[in-house]
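Engineer: Here you go, sequence then predicted model.
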Amino acid sequence: MISDYNRLSGLQKVAILFSVLGESLALNLVNDLDKTEIRKIRAAMRGINDVSFSVKKQVMEEFYFSFVSEKFIQEENDEPKKPFEFLKELTDEQLIALVASEDARVTAITLAQLEGEKRTAVLNRLDEAEKREVLLSIGNLNDVPLEAVVQIANKLNKKSKQLPKTVDFSRGGGKDLADLLGEMPAEDEAIFMENLEQEDPELAEQVKKYRITFDSIFEIFPDNLLRDLMNAVDLDAVSMALKGMDSSISDKVLGVLPKKKQAMFEPVEGAVPKRDVDNARKSVVSAAKQMEKDGAFKLEDLLGGDTVE
């Protein structure tokens, strides 16, 4: 009598399942087996004569019928199936959409299959409470049965086929509003932000997380970043951008410039069109945003009081 469930192979388990259900019902439930696989199951069934009730019960509990074929093929093939292989085809946005409504354990299992950058992209879109729960779940995935993991993979694979093919679109929010404000004249931007802080303080705080202004650069940039920024902008544009600024700001900029550029620097004298000054300042802000994109700093770190060395 077969009484030790743990010593059964995957093929033997399938054979027991077929013998319990009957081949006709089993084939109706498991409709993606080919003729070769069915012949192997029939051969295995002939070698299984007496099976204890407890073993039959364990087999029935283990095998969710949608999983039978995959479990059997995986054991017979030289190369194991990779149930999460489909994740490689998804963009960051699609991955985020895929796990958006899933619980922490499902999200954790999904993240555990991803490479570093994709994993970070998804993780960073979670709020702090969700992120903490997911990270704790990742540390306890050994408790999840293999069958449950494969079931989750099958479920997510089906779900992924319903995702939009193109999801690299703007969702609005603080970042997009900050970008739009950056295109406005400085005076209009300041007026809008003042009104926004009164009408929607929460949104105003979101905007500030993504907002780099010409004035804020001198408040939050440490000297090493300010030096790199000013070196990235044409010296004439720097001079024009500083037109009308307090002398302490001009002195600060001069102080971080290399000595050769200090010697070449000439302040803009006399009246100039305001648009020229605004355009020069926008070029400085654009250079700062490019530095952020290139990974030179994280704006949230600077706003939080941290410095970059």
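Structural biologist: Looks like it arrived, so ask away.

Engineer: For the rest of this, base every contact and every neighbour count on C-alpha atoms.
Structural biologist: Noted.

Engineer: what separates Thr110 from Ile138, distance-wise?
Structural biologist: 9 Å (Cα to Cα, to the nearest Å).

Engineer: shared neighbours of the two, anything?
Structural biologist: Both Thr110 and Ile138 lack any common contact, where contact means Cα atoms under 8 Å, 6 or more residues apart in numbering.

Engineer: So these two - more neighbours on which side?
Structural biologist: Between Thr110 and Ile138, Thr110 has the larger neighbour count (other Cα atoms under 10 Å), namely 22 against 18.

Engineer: Check which helix or strand that one maps to.
Structural biologist: Here Thr110 is covered by helix 104-112, with elements defined by DSSP states H and E.

Engineer: who does that helix touch, helix- and strand-wise?
Structural biologist: helix 92-99, helix 116-123, helix 128-138 (3 or more Cα pairs under 8 Å, 6 or more residues apart in numbering; DSSP states H and E).

Engineer: can you do 10 Å?
Structural biologist: helix 92-99, helix 116-123, helix 128-138, helix 146-160 (3 or more Cα pairs under 10 Å, 6 or more residues apart in numbering; DSSP states H and E).

Engineer: If we go by neighbour counts, what in the second one is buried?
Structural biologist: For helix 116-123, a neighbour-count test (16 or more other Cα atoms under 10 Å) marks Lys118, Arg119, Val122, Leu123 as buried.

Engineer: Show me where the stretch 151-300 of the chain dips below the pLDDT cut-off.
Structural biologist: Within the stretch 151-300 of the chain, the stretches with pLDDT under 70 are 164-173, 182-183, 186.

Engineer: Can you show me the helices along it?
Structural biologist: Secondary structure of the stretch 151-300 of the chain (DSSP state H, counting those that start in this stretch): helices at 174-181, 186-199, 201-210, 214-220, 223-232, 235-241, 247-256, 259-264, 274-293, 299-303.

Engineer: Spatially, which residue comes closest to Ile41, not counting chain neighbours?
Structural biologist: Nearest non-adjacent residue to Ile41, counting by Cα to Cα, 6 or more residues apart in numbering: Ala15, 5.4 Å away.

Engineer: Can you tell me the SS state at the one you found?
Structural biologist: helix (DSSP: H, G, I helix; E, B strand; the rest coil).

Engineer: report the angle between the axes of the helix holding Thr110 and helix 128-138?
Structural biologist: 70 degrees (axes from the mean of the first three to the mean of the last three Cα atoms, to 10 degrees).

Engineer: Sketch out the low-pLDDT regions of the stretch 1-150 of the chain for me.
Structural biologist: For the stretch 1-150 of the chain, the ranges with pLDDT under 70 are 24-33, 61-81, 142-143.

Engineer: for Met1, what are its contacts?
Structural biologist: Counting by Cα atoms under 10 Å, 6 or more residues apart in numbering, Met1 touches Ile48, Asn49, Asp50, Val51, Ser52.
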